[in-house]
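Asker: here you go, sequence then predicted model.
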Amino acid sequence: MMKNMWIFGRSNKVVIVVFTGVLATELLWQLYKRTRSKIPSKSINEVLFFSEESSNCRMHAVSRTPCDRSNCSVTQLRKLCAYLESAQQNLDVCMYLFSCEDLAAAIAKVFCRGVVVRIIVDGGMAENSACERRIRDFRERGIRVRMKKSEYLMHHKFAIIDRKLILTGSTNWTMQAMHGNWDNVIVSNQLALVKPFIAEFDRMWILLTTGED
Ligand SMILES: [Zn+2]
């Protein structure tokens, strides 16, 4: 009888200790999440320019080696690739004309890491041979690409990384745009800017559901 009571008392203590441990862990986790959410993430606001000088960088674009110019287009392109490669969960790209090999390679890289990638391009521009090649390559890899041929141009040029950071501006993702045009890319993680882009991309993605990705 005494022995049974001792065993019963001991098992009760074990249950209480385990329960307290689980409760403490849960409380600490909730506290950590609340504290973490209050820490402001680092603000990112950057503007990249491409100009007539960018054509001078065309010569060393093949080697991917930057030059000393402050706005070297190879350096700018590397930055864009680095932003794309920073994606951990989602990458949404909405691009009128997309033929740039380096940016396509950056997208393929994150897709291989398990990042969910969605791409929207203009239906008319998709018939451009360089753009068509990229789209075919994306689809062969399993990356979803949506478009629609329409009298209205899908003229956007933006990307959303992890639904937290946008790259947008006048620049098409072509070598011509980055090595000879006057163009710009704005990079920002300001919520007031990022949120509308997310909403617009999601709206367009549903609108362009055709059965073929
Ligand atoms: Zn250069």
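Answerer: Sure, I can see it.
Asker: from the ion, how far out is the nearest residue to Leu103 once chain neighbours are set aside?
Answerer: The shortest distance from Leu103 to any non-neighbouring residue, by C-beta to C-beta, 6 or more residues apart in numbering, is to Trp173 (5.0 Å). (Each C-beta comes from the backbone N, C-alpha and C, glycine too.) Using C-beta to the ion, to the nearest Å, we find Trp173 at a distance of 18 Å from the ion.
Asker: Trp173 bridge partners, please.
Answerer: Bridge pairing for Trp173 (DSSP bridges) gives the partners Phe98.
Asker: partners of the residue nearest the centre of the chain in the sheet?
Answerer: Nearest to the mean C-alpha position of the chain, by C-alpha atoms, centre = their mean, lies Ile161 at 2.5 Å. Note on Ile161: beta-bridge partners Leu91, Leu165, judged by DSSP bridges.
Asker: retrieve the pLDDT associated with it.
Answerer: Note for Ile161: predicted pLDDT of 98.
Asker: that one is in contact with Ala82, isn't it?
Answerer: No: between Ile161 and Ala82 there is no contact under C-beta atoms under 8 Å: 10.7 Å.
Asker: need phi/psi at Glu26.
Answerer: phi -60, psi -40 (degrees, to the nearest 10).
Asker: what do you get for Ala82?
Answerer: Main-chain torsions, Ala82, degrees, to the nearest 10: phi -60, psi -40.
Asker: please report how far it lies from Leu23.
Answerer: The gap separating Ala82 from Leu23 is 43 Å, by C-beta to C-beta, to the nearest Å.
Asker: distance check, Arg64 against the ion.
Answerer: Arg64 is 10 Å from the ion, by C-beta to the ion.
Asker: so that residue, which state does it fall into?
Answerer: Per DSSP: H, G, I helix; E, B strand; the rest coil, the local secondary structure of Arg64 is coil.
Asker: contacting residues for the residue nearest to the centre of the chain?
Answerer: 83-84, 86-87, 90-91, 167 (C-beta atoms under 8 Å, 6 or more residues apart in numbering).
Asker: what would those residues look like in JSON lines with pLDDT, secondary structure and neighbour count?
Answerer: JSON lines is the format used below for the contacts of Ile161 (pLDDT from 0 to 100; DSSP: H, G, I helix; E, B strand; the rest coil; neighbours: other C-beta atoms under 10 Å):
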{"residue": "Tyr83", "pLDDT": "98", "secondary structure": "helix", "neighbour count": "22"}
{"residue": "Leu84", "pLDDT": "98", "secondary structure": "helix", "neighbour count": "23"}
{"residue": "Ser86", "pLDDT": "97", "secondary structure": "coil", "neighbour count": "14"}
{"residue": "Ala87", "pLDDT": "98", "secondary structure": "coil", "neighbour count": "25"}
{"residue": "Asn90", "pLDDT": "97", "secondary structure": "strand", "neighbour count": "16"}
{"residue": "Leu91", "pLDDT": "98", "secondary structure": "strand", "neighbour count": "25"}
{"residue": "Leu167", "pLDDT": "98", "secondary structure": "strand", "neighbour count": "23"}
